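Novice: What follows is a predicted structure for the sequence shown.
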Amino acid sequence: MRDFFRFMAGGAGRWARGIIGFSMLAWGYNYAGGINAPLIIAGLLPLATAVFDLCLLAPLFGYHISGKVIRERLGTAGEPGEA
């Protein structure tokens with residue numbers, strides 16, 4: 001689990017959440033030629049967590065909700081600029 005949260009708190013994890021959230025918004029908007037409000041609302045969650053640097057599952061496993069705090073405690077393996 002440690003590697004999962006290290007990934008999710010890092011830049012690649014934030015990008016992944018942002019892309020998934022945006023895709024859900026786009027899909028919900030174009031769903032069957034109309035607007036699918038539940039899908040749009042569900043898409044806001046991963047997009048918001050990426051924008052605000054949060055990991056909502058982390059507290060369930062004893063980690064902080066803030067991506068910044070997770071990166072400080074676990075480090076960010078494989079991130080650009082890491083020695």
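Specialist: Right, received. Where do you want to start?
Novice: ok, which stretches of this protein are helices?
Specialist: Secondary structure of the chain, counting by DSSP state H: helices at 2-9, 11-30, 37-51, 67-74.
Novice: For Phe61, which of those helices is the nearest?
Specialist: Closest to Phe61 of the helices of the chain, according to CB to CB: helix 2-9, at 7.1 Å. Every residue, glycine included, has its C-beta placed from N, CA and C.
Novice: Show me what the closest one is packed against.
Specialist: helix 11-30, helix 67-74 (3 or more CB pairs under 8 Å, 6 or more residues apart in numbering; DSSP states H and E).
Novice: Mind doing that once more with 6 Å?
Specialist: Judged by 3 or more CB pairs under 6 Å, 6 or more residues apart in numbering; DSSP states H and E, the packing partners of helix 2-9 are helix 67-74.
Novice: what comes into contact with the helix it packs on?
Specialist: Phe5, Arg6, Ala9, Asp53, Cys55, Tyr63, His64 (CB atoms under 6 Å, 6 or more residues apart in numbering).
Novice: make it 10 Å
Specialist: For helix 67-74, the external contacting residues (CB atoms under 10 Å, 6 or more residues apart in numbering) are 2-3, 5-11, 13-14, 17, 49-50, 52-55, 58, 63-64, 66, 76, 79.
Novice: Can you list the buried residues in it?
Specialist: Gly67, Ile70, Arg71, Leu74 (16 or more other CB atoms under 10 Å).
Novice: In the protein, where is pLDDT below threshold?
Specialist: Counting by pLDDT under 70, the ranges of the chain that qualify are 32-33, 76-83.
Novice: Centroid-nearest residue for it?
Specialist: Centroid-nearest residue in the chain, with CA atoms, centre = their mean: Arg17, separated by 3.5 Å.
Novice: thinking again about what came up before, of the buried residues of helix 67-74, closest to Leu25?
Specialist: Gly67 (21.0 Å).
Novice: ok, that closest one to Tyr29 distance?
Specialist: For Gly67, the distance to Tyr29 equals 27 Å [CB to CB, to the nearest Å].
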